[in-house]
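>>> What follows is a protein structure lacking sequence information:
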Ligand code: SF4
């Protein structure tokens, strides 16, 4: 009995030591990842991509917790994780034929006076020219993309179930893109995110050149539009525009 107790105690001590060592290793690793991520964000370069790719997503929660503990804003870290996910998905995305790819644009890129109607396939741009979405939409479709203007969060899942895209480009604010990329990961679809230049619910901005850079991945040069695209236009100062009428998302079919 005495021997059994001592064996039990020794086993518990070893387990305890292993747990402490593991915790120290994970916190140390999270601190290392945080430092590398901050350096990458500051210098605009991805350092140690292999280590970052394999460890960052494993310890993302812990890295964010450390950020919050030190009072650091974790939004930059979310942007960094989007860049990391883009670089991880790039190769797989490039191999997807363009007709199997889809682009999801946020409705907030539209003008506040947008006359477009809501349809079961998203918001149907009327090409009124009040925003630059219409030009980009046309060019992406000419390249072979299926393009949607997203009226609400459940819409993307519905279109994925309907069309089964092999690759997705998601445009949106940081949190939307992060959520979209997580959804793509869960569905096993290579997703590429482009974050808007300005957050908000109406008349946001995106760098269309960035969207087209991603859209051109893996495509022959002839299929890519060559002229530069300006960011979506901002409303004139001192000329506040009326808000777009609220449009409910249609119920799933
Ligand atoms: S161009 Fe812009 S504002 Fe005009 S209908 Fe299309 S999305 Fe709406």
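Everything's here; your move. Everything numeric in this text was worked out from a predicted model, so none of it was measured.
>>> what's the neighbour count on residue 216?
16 (other CB atoms under 10 Å). Quick note: C-beta positions are derived from backbone N, CA and C, even for glycine.
>>> these two touch, right, it and residue 209?
No: judged on CB atoms under 8 Å, residue 216 makes no contact with residue 209 at a distance of 10.3 Å.
>>> Which parts of the stretch 151-253 of the chain are strands?
Counting by DSSP state E, counting those that start in this stretch, the stretch 151-253 of the chain has strands at residues 167-172, 191-195.
>>> I'd like those as CSV, with distance to residue 23 and mean neighbour count appended.
Output for the strands of the stretch 151-253 of the chain, formatted as CSV (distance: least, CB to CB, whole Å; neighbours: other CB atoms under 10 Å):
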stretch, distance to residue 23, mean neighbour count
strand 167-172, 36, 26
strand 191-195, 32, 24
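>>> So for the ligand, which of the ones you listed sits nearest?
Comparing the strands of the stretch 151-253 of the chain by their distance to the ligand (CB to the nearest ligand atom), the top pick is strand 167-172, with 13.1 Å.
>>> That closest one and the ligand in contact?
No: for strand 167-172, no contact with the ligand is found by CB under 6 Å from any ligand atom; the gap never falls below 13.1 Å.
>>> Residue 86: what's its closest spatial neighbour, skipping adjacent residues?
Of all residues not flanking residue 86 in the chain, residue 192 sits nearest, at 5.4 Å (CB to CB, 6 or more residues apart in numbering).
>>> Name whatever forms a beta bridge with that neighbour.
In this entry, residue 192 is beta-bridged to residue 169, by DSSP bridges.
>>> OK, contacts around it?
86, 89, 90, 93, 167, 168, 169, 170, 214, 217 (CB atoms under 8 Å, 6 or more residues apart in numbering).
>>> Just the closest of those residues to residue 101, please.
Comparing these against residue 101 with CB to CB places residue 167 closest, at 4.4 Å.
>>> Quick one: residues contacting the closest one.
92, 93, 96, 100, 101, 102, 189, 190, 191, 192.
>>> ok, now with 7 Å
By CB atoms under 7 Å, 6 or more residues apart in numbering, the residues touching residue 167 are 93, 96, 100, 101, 189, 190.
>>> Ok, residue 143 next?
If you count contacts by CB under 7 Å, 6+ apart, residue 143 has them with 98, 215, 219, 223.
>>> can you tell me which two in those are farthest apart?
Farthest pair in the contacts of residue 143 (CB to CB) is 215 and 223. Separation: 9.7 Å.
>>> Neighbour count: these two, which is higher?
For residue 215 versus residue 223, neighbours defined as other CB under 10 Å are more numerous around residue 215 (26 against 12).
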